[in-house]
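[1] 3D, please:
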Amino acid sequence: AKLDFEIEPRTRKPLQSLAPLISNVPKARLFDEMLKLLMSGNAMACLHELRRAGLHHGLLPLLDVILEQPDGERFVEAALRRTDERLAQGKGVSPGFLFAALLWQEVNRQWQQLLEAREHRIPALMAAIDQVLDAQAGKLAIQKRFTADMREIWSLQPRFERRNGQAPFRLLEHLRFRAAYDFMLLRCETGEIDKEIGEWWQRFTESDGADRQALLAREGTGGGRSRRGSRSRRGRGRSRRVDDQEMPPDGQPG
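    Predicted coordinates for the structure are as follows:
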């Protein structure tokens, strides 16, 4: 994929029939190889080659489902395109951010299902995160320091919707703010949540004290109120007290 080569047909032919043998490879080795693919500078092309060879089930069991859903594929493609661009510019890439992007659609899907079952919003997100990471652990040994990053990136997402009082300032001080912020912008870019949320936070992070207070005052009057794209219609009407709780960070810094 990286060199835009083709595998010779007779060499490619046995790959699918022999694909189950990948289950004999240690999970830690699979994780290392997956990182090489994702950080090759041609990540999306590598993932498509894995699918074509029938090898993806041993690496990311949720990948096939994600890439068959338009929203999921759009999100993953945007994340990997950004990764390839950073690598081309000689910038670093966080494995935790990468895997958070790859698995987010499944987390979000399970989160919405729990909201439809009338679970409270924050506990529902935590439960969805646990379910996805538990399912993934049996296939790919994502290191704990990366899963801690993933948890924090995911669990901080609802806090971007709180744009009043001291909540935005507390979020700015969080150790994982920058990664969670970039992840939120990715959700805006792909239409998962309202772009106005991302635009507001861009202005807030780039402003000084007086301008920040003006942005907060505008939120207080309802002038910046936006549709909360990540919440179900039923979820919007439930306990405001739970929704406004300060969310503790999950896991330890990587």
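
[2] CA only for contacts and neighbour counts going forward, please
    OK.

[3] pLDDT score for H48?
    What the model reports as pLDDT for H48 is 80.

[4] apologies, that question was intended for A28.
    pLDDT, A28: 84.

[5] not counting its own residues, what contacts whatever helix or strand it lives in?
    Take DSSP states H and E as the rule and A28 turns out to sit in helix 27-38. Outside helix 27-38, the residues that touch it by CA atoms under 8 Å, 6 or more residues apart in numbering are 43-44, 46-47, 59, 80, 95, 98, 139-142.

[6] got it, and stretch 76-95?
    Identification of contacts with stretch 76-95 by CA under 8 Å, 6+ apart yields 35, 38-44, 67, 98, 101-102, 146, 186, 190.

[7] so which bits of the strand or helix carrying Q105 are buried?
    Q105 belongs to helix 95-116 when assigned by DSSP H and E. Residues of helix 95-116 classed as buried: 95-108, 110-112, 114-115 (neighbour count, 16 or more other CA atoms under 10 Å).

[8] could you figure out how far the following helix or strand past that helix is turned away from helix 27-38?
    Next in sequence after helix 95-116, counting helices and strands by DSSP H and E, comes helix 121-137. Angular relation of helix 121-137 and helix 27-38 on a 0 to 180 degree scale: 100 degrees, by axes from the mean of the first three to the mean of the last three CA atoms, to 10 degrees.

[9] what mean pLDDT does helix 121-137 get?
    91.

[10] mind listing what's buried along whichever helix or strand comes after it?
    Next along the chain after helix 121-137, taking DSSP H and E as the criterion, comes helix 144-155. Residues 146-155 are the ones in helix 144-155 that count as buried (16+ other CA under 10 Å).

[11] just want the angle from helix 144-155 to helix 121-137.
    150 degrees.

[12] so what secondary structure elements neighbour the helix or strand just after helix 144-155?
    Following helix 144-155 in sequence order, the next helix or strand is helix 167-172 (DSSP H and E). In terms of contacts (3 or more CA pairs under 8 Å, 6 or more residues apart in numbering; DSSP states H and E), helix 167-172 is packed against no helix or strand at all.

[13] let's see it at 10 Å
    Counting by 3 or more CA pairs under 10 Å, 6 or more residues apart in numbering; DSSP states H and E, the packing neighbours recorded for helix 167-172 are helix 177-189, helix 195-206, helix 209-220.

[14] please work out which of the ones you listed is packed deepest.
    Stretch with highest mean neighbour count among the helices and strands packed on helix 167-172: helix 177-189 (a mean of 20; mean count of other CA atoms under 10 Å).
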